[in-house]
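Peer 1: Kindly return the folded structure for what I paste below:
(2 chains)
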Amino acid sequence: MDGQERAFAMTGPPDDLEPVDILLVDDHPGNLASLEAILRQPDYNLVLARSGPEALTLVLRQEFVVILLDVAMPEMDGFEVATIIRQREQSRHIPIIFVTASVYEMEHVFRGYTVGAVDYLRKPLDPHAVRAKVAVFVELFRQRRRNERQAKQLQQAEARLRARAEEALRESEAIYQATFEEAPVGIGHASPDGVWTKVNRRLGELLGVAHEDLVGRDVAAITADDDDQGLRAAIDALRGGAGPSVYSGEHRLATPRLERWGQVTISAMRDPDDRVARFLVVVADVTERKAIETERVRLLQELRDGVRARDDFLAIAAHELKTPLTPLRLQTAGLLRELRRGEDPASLLAGLERRLEIIDGASARLEALVDKLLDVSRTSVGQLAIELEEVDLGSLVESVVRDMSGDIARSGSTVELHAESDVRGHWDRVRIAQVVMNLLSNALKFGSGRPIHVSVSRDDRTARLSVRDEGIGIAPEALARIFERFERLGPVRHHGGFGLGLWIVRQIVTAHGGDVTVSSRPGQGAEFVVVLPSDPARMRAATATDRSRTSERALPASAARGAETRGADSRVEEARGAAS
Amino acid sequence: MTDSRCTVLVVEDDRDIRESLADVLTAEGYRVVTAENGRQGLERLREETDPCIILLDLMMPVMSGGEFLAELRANDMLATIPVVVVSAWPDEAALVESQTQGYVKKPVSLDVLLELVARYCSKKGDVLVARTRGSA
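Peer 2: Have a look, this model is predicted:
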């Protein structure tokens, strides 16, 4: 029992037992007093009225839980009072219990009252019945109150929940918005027909346009013109729903200036009917990775080309070595054979000097070729070492031309030298002589026996050497590769040589901080121009940009690239010139 | 007295090789005529020479060995002259194999050369070594 009571005390709201107002109306003070006596209890607040009008006034002022109303009253009887109470909006719901002596009268009257709880008590009053009936209405009232309170609490709880949900939604929206806007990738929403409905700032940045301007435009148009069919097809496939619901691919983006690549991911978001409601598009900038990939492929190709060029070179080198080896072997084997056969010494001696000269010449050719090979291998290992000393370029060229008079005579060409006096600078004398020799050999070989023009001149801080022939010239496609290493051009193979002369020229000139360029047209000869800084030690720091600029002026871009890093070689090959 | 020796035509652009071939063949008793390229080679044939054999370099300026061969084989008078290619390029030699009777690789082995030449030349000078003439 104890437990039950405690349970009740705990569950019952404490305000349940707050006093309720009960109105007692009777014109006889004695009746009022007896009613009051019957109903008196702590939680009943009994209010007494001695007449109908007094009761109506009280009803206007406060809310009663129940009204006990005497029917037979002078001035205004109970029915009249009840009628007025019922007519008033704020009081029509108040239960009324009539107190009467005549039961018949009550049965008759009840039919007129259809609204609200109405009951009656018969005089003389039975205290139990009075208390029971009043208790019913009090309990009804209290129940209603409780319900109202609970409803209110529910409402409040609901409001709190709603407020919390709204707050959560606002926060989530804020997070989403921040994620959308601050993400390092381009994000956008598109309609089912592939038109942007919303895009973030980053997407605009990637495409080089204001992101607001994208809305309403075609999604496929974010890729470069030659690529948009792929993206369009992908969007169509997603909408069709036949394939997977996510597309991902790399596309070149339609950017105004810089080339930019994006990893484009498109997800189809479907409604409950499985139709595409919108597309979610994410574009990540993969330009850098793409560039690295491209560079890697380029380097690999370059390496492969280098290996192939070296193989070619070795094959050619082997052949070139065989050319002087042939007379060497023939002459020595022949002389031995004649000696052993017991040939008449006189007839042997007759041709001996000439034949020994051939052997000697062939040995010299071999030596020259071997030197050249070593030179190439040294040069390709690293930076060419140059020893600077004061050199008069005009005199140097003159002496090289003199040394090569034999080759010049054999070629049928003449060399016309125009040298300004006193073109001096600090250069490597031996290396620059090699440059002159290689360029001259080259001109002799391809000069078709026509005059060769060599000029030496001076600028403010540079010296200029030009070697021009009037021979077969160089095809434009060959011109671009002419300084590439081991480059040999098609139909000239019978001219022999390693194909390294111009490459060595480039290496030496570059080591001096200078530049070598070529201009030519097929059938109209070629001109090679070497520009050397007068003081390479001082100039070398500032070379890189100057050099590439100079190169681009005279050469196609591809050759200019070669000028920066690789140097190069020849339309040709002057080994034969040196050898014959 | 008419020179009854067998004639060898050497067509080779490299002067040292050309002269060396001439030297060793002359020492063996052959008569040697030289040309610096295919064009000169054809001129020699027109002028005088009726060689037993032609030693032919392939890569030459003005007219290459290949072009020379084509003209030679197209000429009824000259078509049957045996030709031996002397070249450092086996691949190039293989290209004209069907039109030639032999190939000597540079640098040249004297023994190989002399044996091939002897196969096509029966008549030599005072150091004649009799050999059966092979069929062309």
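Peer 1: Show me which residues of chain B are close to chain A?
Peer 2: Neighbours of chain A within chain B, by CB under 8 Å from any CB of the partner chain: B:13-17, B:19-21, B:23-24, B:27, B:59-61, B:64, B:88-89, B:106-111, B:113, B:127. Every residue, glycine included, has its C-beta placed from N, CA and C.
Peer 1: Buried ones among the residues you listed?
Peer 2: With burial judged by 16 or more other CB atoms under 10 Å in any protein chain shown, the buried subset of those is B:13-14, B:16-17, B:19-21, B:23-24, B:27, B:59-60, B:64, B:88-89, B:106-108, B:110, B:113.
Peer 1: what about residue A:332, how many neighbours?
Peer 2: Residues near residue A:332, counting by other CB atoms under 10 Å in any protein chain shown, number 15.
Peer 1: Please report phi then psi for it.
Peer 2: phi -70, psi -40 (degrees, to the nearest 10).
Peer 1: Just confirm residue A:69 is within a helix.
Peer 2: No - with DSSP: H, G, I helix; E, B strand; the rest coil as the criterion, residue A:69 is located in strand rather than a helix.
Peer 1: ok, back up a step: which of the residues of chain B next to chain A fall in helices?
Peer 2: Applying DSSP state H to the residues of chain B next to chain A, the entries found in helices are B:15-17, B:19-21, B:23-24, B:27, B:110-111, B:113.
Peer 1: Taking the residues you listed, tell me the two that lie furthest apart.
Peer 2: When those are compared pair by pair using CB to CB, the two farthest from each other are B:15 and B:111, 23.9 Å apart.
Peer 1: In the chain, where is pLDDT below threshold?
Peer 2: Let's take chain A. Using pLDDT under 70 as the threshold, the predicted model of chain A has low-confidence ranges A:1-16, A:105-117, A:225-228, A:242-243, A:309, A:376-385, A:481, A:484-500, A:538-580.
Peer 1: my question was about chain B
Peer 2: In the predicted model, chain B carries pLDDT under 70 at residues B:1-4, B:123-136.
Peer 1: And the strands in it, which stretches?
Peer 2: Listed from the start of the chain, chain B has strands (DSSP state E) covering B:7-11, B:31-35, B:53-56, B:83-87, B:102-105.
Peer 1: ok, now the stretch 301-450 of chain A?
Peer 2: Taking DSSP state E, counting those that start in this stretch as the criterion, the stretch 301-450 of chain A carries its strands at A:389-392, A:415-419, A:424-427.
Peer 1: Each with direction, which strands does the first one pair with?
Peer 2: Right, the one you point to is strand A:389-392. The strands beside strand A:389-392 in its sheet (DSSP bridges) come out as strand A:424-427 (antiparallel).
Peer 1: Over to the longest one?
Peer 2: Neighbouring strands of strand A:415-419 in its sheet, by DSSP bridges, are strand A:452-458 (parallel).
Peer 1: Buried residues, the partner strand. List them.
Peer 2: Neighbour counts over strand A:452-458 (16+ other CB under 10 Å) mark A:452-456, A:458 as buried.
Peer 1: Which of those sits closest to residue B:9?
Peer 2: Among the buried residues of strand A:452-458, residue A:452 lies closest to residue B:9 (CB to CB), at 34.5 Å.
Peer 1: Might you report the residue contacts of the closest one?
Peer 2: A:413-416, A:440, A:443-444, A:467-470 (CB atoms under 8 Å, 6 or more residues apart in numbering or on different chains).
Peer 1: So which of those residues is the closest to chain B?
Peer 2: Within the set of the contacts of residue A:452, residue A:444 lies nearest chain B; the separation is 13.3 Å, counting by CB to the nearest CB.
Peer 1: And for the closest one, the neighbour number?
Peer 2: Number of residues near residue A:444 (other CB under 10 Å) recorded here: 24.
Peer 1: How about it: what's its closest non-neighbour residue?
Peer 2: Nearest residue to residue A:444 in three dimensions, chain neighbours excluded: residue A:411, at 4.1 Å (CB to CB, 6 or more residues apart in numbering or on different chains).
Peer 1: Ok, residue A:366 next?
Peer 2: Excluding the flanking residues, the one nearest residue A:366 by CB to CB, 6+ apart is residue A:324, at 4.7 Å.
Peer 1: picking that back up, most tightly packed of the strands of chain B?
Peer 2: When neighbours are counted by mean count of other CB atoms under 10 Å in any protein chain shown, the highest per-stretch mean among the strands of chain B falls to strand B:53-56, a mean of 27.
Peer 1: Can you tell me the strand partners of that one and which way each runs?
Peer 2: Strand B:53-56 has its sheet partners listed here by DSSP bridges as strand B:7-11 (parallel), strand B:83-87 (parallel).
Peer 1: and these as CSV, adding distance to residue A:361?
Peer 2: Converted to CSV, the strands paired with strand B:53-56 look like this (distance: least, CB to CB, whole Å):
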stretch, distance to residue A:361
strand B:7-11, 18
strand B:83-87, 19
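Peer 1: Which of those sits closest to residue A:234?
Peer 2: Residue A:234 lies closest to strand B:83-87 among the strands paired with strand B:53-56, at 59.4 Å (CB to CB).
Peer 1: Might you calculate how far the closest one sits from the centre of the chain?
Peer 2: In terms of CA atoms, centre = their mean, to the nearest Å, the centre of strand B:83-87 is set 7 Å apart from its chain centre.
Peer 1: CA-only coordinates of it, as PDB, when you get a sec.
Peer 2: Output in PDB follows, covering the C-alpha atoms of strand B:83-87 (Å, rounded to 0.1, in the frame of the first residue of the first chain):
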ATOM      1  CA  VAL B  83      80.000  -8.400-111.100                       C
ATOM      2  CA  VAL B  84      81.400  -8.800-107.600                       C
ATOM      3  CA  VAL B  85      80.300  -6.200-105.000                       C
ATOM      4  CA  VAL B  86      82.900  -4.800-102.600                       C
ATOM      5  CA  SER B  87      81.100  -3.000 -99.800                       C
END
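Peer 1: Specify the angle between that strand and helix B:15-27 in degrees.
Peer 2: Angular relation of strand B:83-87 and helix B:15-27 on a 0 to 180 degree scale: 140 degrees, by axes from the mean of the first three to the mean of the last three CA atoms, to 10 degrees.
Peer 1: So what touches strand B:83-87?
Peer 2: Contacts made with strand B:83-87 from outside it, assessed by CB under 8 Å, 6+ apart, are listed as B:12, B:17, B:21, B:53-59, B:65, B:69, B:72, B:93, B:96, B:99-106, B:108, B:113, B:116-117, B:120.
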